[in-house]
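Visitor: After the sequence you'll find the predicted model.
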Amino acid sequence: MNVLMVDQYGQTGGAQKCLLDLIAGWPREDALMVAAPAEGTLLRSVRDAGFITEAIPCGPYTGRGVTDALRLLADAHRQRAILRRLIRRFAADVVYVNGPRVLPGAALAARGHCPLVYHAWNLLRRRADRAIVRLSLGSCRSAVIACCAYSGGTLPATVILNGVPDAGFRHRRYPPKGPWRVGVVGRISPEKGHLVLMDAIRLLTADGHAIALMVAGAPLFSSNEYEAEVRRRAEGLDVRFAGWIDDIGPFLAELDLSVVPSIAEPGPTRVIPEAFSAGAPVVALPTGGIPEVISDGQNGFLAAGVTARDLADALTRAMLAPPADLAAITRRAREEWESYWNVDRWCREVVAAIRAGAMPEPARDSCGVSVASSEGRPAPSE
């Protein structure tokens, strides 16, 4: 099978890391080609892995409605021409689309030539964005994969929860000697909740807890203004900014707790199963697809709400938990990673879904949603 993969970003964020994992785990009897914006590291990583690449235009977008709509329309027209040529030259059997911004152009290119499989990583909040996605999917023979039920929304999707490579398990002693080393990983952008985290750390410090916070990440797809505000809010606290880190294992190995303070998480962020594999207990806010991954008190700690006080209370529960309870949570999370949250299972299910998308439309249940596999999947939280 020949698969043309299309991504909306050239920089390597979470969805792009998943794309690279998928390429690395794809059966060697098939042929892959990747099209994405030229700016950034993604296409270079794909070429280094030995695959053919092609640059396509996509943005940047300003956040202003009319300007972005006109640019999206122009980009879709140019993407269609490039991708249609690639489909013919590559004799593509299916087009796999890793983001909504390139979906209109890819759908126009695939129409009448081959099926399309769209991977939904985010719940689109604007009505216009949802309408564009539905119109694009309806314009060609298509199928949808969603990274969680939340991100799929009302789309008829096959839900495949994330899986990640092993970040390297490390046993920890609780309570730690010295301050609690708490870390956050990911893009520094408003929805990721770094400001809420800073306020929570300030509350904990006022309560007498000694905490050394480590921040791994960079703005990537957003402006630097938010990062500047996060750094300003961190003044007076014990905070280290490590920048963007590609190999997350050594960073997680330094932590006593991994915190996910996302206030508007679109899906189950990669760092949660990465922390499961590394033995770093996760403390998270209950947004987006996170409750589909974290079972409070079983494989991590889930806050009661999304405020700084809620996050501080959840971190306090984790820090005051008996060492035996923390060890049990860590062990259970690692076992879940081994049986379900690993990258091999994820790759198998995504490859199977893309193969199915290249065939006649699969039967779905009455809600239009199917789950790829339940084998080894941990029971959902109550």
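Guide: Thanks, I have it.

Visitor: quick one: stretch 306-313 to chain centroid distance?
Guide: Relative to its parent chain, stretch 306-313 has a centroid offset of 23 Å by C-alpha atoms, centre = their mean, to the nearest Å.

Visitor: Could you list the buried residues of it?
Guide: 306, 308, 310-313 (16 or more other C-beta atoms under 10 Å). For glycine as for every other residue, the C-beta is placed from the backbone atoms N, C-alpha and C.

Visitor: three-state assignment of residue 171?
Guide: At residue 171, secondary structure determined by DSSP: H, G, I helix; E, B strand; the rest coil is coil.

Visitor: Number the residues from 58 up from this point.
Guide: Let's use 58 as the start, then, which means that last one is residue 228.

Visitor: Disregarding flanking residues, what is the spatial nearest neighbour of it?
Guide: The shortest distance from residue 228 to any non-neighbouring residue, by C-beta to C-beta, 6 or more residues apart in numbering, is to residue 336 (6.5 Å).

Visitor: which among the buried residues of stretch 363-370 gets closest to residue 268?
Guide: residue 369 (10.3 Å; C-beta to C-beta).

Visitor: in a helix, that's where that closest one is, yeah?
Guide: Yes: counting by three-state DSSP, residue 369 is found in a helix.

Visitor: tell me the contacts of it?
Guide: Taking C-beta atoms under 8 Å, 6 or more residues apart in numbering, we find residue 369 in contact with 257-258, 260-261, 264.

Visitor: ok, now residue 232?
Guide: Residue 232 neighbours (C-beta under 8 Å, 6+ apart): 376, 380.

Visitor: how far away is it from residue 119?
Guide: 48 Å (C-beta to C-beta, to the nearest Å).

Visitor: cool, residue 216 as well?
Guide: 33 Å.

Visitor: who's more crowded, those two?
Guide: residue 216 (23 against 10; other C-beta atoms under 10 Å).

Visitor: Next, give phi and psi for the more buried one.
Guide: When quoted as degrees, to the nearest 10, the phi and psi of residue 216 stand at phi -90, psi 120.

Visitor: Could you report the neighbour count for the nearest residue to residue 186 once chain neighbours are set aside?
Guide: Closest residue in space to residue 186, ignoring its immediate chain neighbours: residue 157 at 6.6 Å, by C-beta to C-beta, 6+ apart. Neighbour count of residue 157, defined by other C-beta under 10 Å: 20.

Visitor: picking up where we left off before, looks like the residue nearest to residue 228 contacts residue 227 (just checking).
Guide: Yes: using C-beta atoms under 8 Å, residue 336 is in contact with residue 227, at 5.2 Å.

Visitor: Neighbour count for the two, which is higher?
Guide: Ranked by neighbour count (other C-beta under 10 Å), residue 336 and residue 227 place residue 336 first, with 23 against 14.

Visitor: what residues are up against the more buried one?
Guide: Residue 336 is in contact with 226-229, 387, 390-391, counting by C-beta under 8 Å, 6+ apart.

Visitor: before we move on, the earlier item: closest one of the contacts of residue 369 to residue 205?
Guide: Using C-beta to C-beta, the contacts of residue 369 come closest to residue 205 at residue 257, 24.5 Å.

Visitor: so how many other residues sit close to that closest one?
Guide: 29.

Visitor: nearest spatial neighbour of residue 141, skipping sequence neighbours?
Guide: residue 166 is the one closest to residue 141 (C-beta to C-beta, 6+ apart), at 4.3 Å.

Visitor: what helix or strand is the one you found on?
Guide: helix 160-167 (DSSP states H and E).

Visitor: Show me what that helix is packed up against.
Guide: Here helix 160-167 touches helix 122-147, strand 151-155, strand 173-177, helix 184-195, going by 3 or more C-beta pairs under 8 Å, 6 or more residues apart in numbering; DSSP states H and E.

Visitor: for these, which one sits closest to residue 414?
Guide: Of all those, it is strand 173-177 that lies closest to residue 414, at 3.8 Å by C-beta to C-beta.

Visitor: got the contact list for the closest one?
Guide: Under the criterion C-beta under 8 Å, 6+ apart, residues 72, 151-157, 160, 163-164, 167, 190, 193-194, 197-204, 208-210, 212, 214, 407, 410-411, 414-415 lie in contact with strand 173-177.

Visitor: Residue 321 versus residue 311, what's the distance?
Guide: 27 Å.

Visitor: circling back: please identify which of the helices and strands packed on helix 160-167 is closest to residue 84.
Guide: The nearest among those, by C-beta to C-beta, is strand 151-155 at 13.9 Å.

Visitor: Can you give the strand pairings for that closest one, parallel or anti for each?
Guide: strand 59-64 (parallel), strand 173-177 (parallel) (DSSP bridges).

Visitor: Format these as CSV; extra columns: mean pLDDT, distance to residue 377 and mean neighbour count.
Guide: Rendered in CSV, the data for the strands paired with strand 151-155 read as follows (pLDDT from 0 to 100; distance: least, C-beta to C-beta, whole Å; neighbours: other C-beta atoms under 10 Å):
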stretch, mean pLDDT, distance to residue 377, mean neighbour count
strand 59-64, 98, 43, 25
strand 173-177, 98, 38, 26
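
Visitor: and residue 145, which of these is closest to it?
Guide: Among those, the nearest to residue 145 by C-beta to C-beta is strand 59-64 (10.6 Å).

Visitor: in the chain, which spans are strands?
Guide: Taking DSSP state E, the strands of the chain run over residues 59-64, 88-93, 109-112, 151-155, 173-177, 199-203, 214-216, 237-242, 268-273, 296-300, 314-317, 339-341, 358-359, 427-428.

Visitor: could I get the ones you listed as TSV with distance to residue 381?
Guide: Formatted as TSV, these follow (distance: least, C-beta to C-beta, whole Å):
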stretch	distance to residue 381
strand 59-64	44
strand 88-93	47
strand 109-112	50
strand 151-155	42
strand 173-177	40
strand 199-203	37
strand 214-216	34
strand 237-242	18
strand 268-273	22
strand 296-300	30
strand 314-317	17
strand 339-341	18
strand 358-359	16
strand 427-428	34
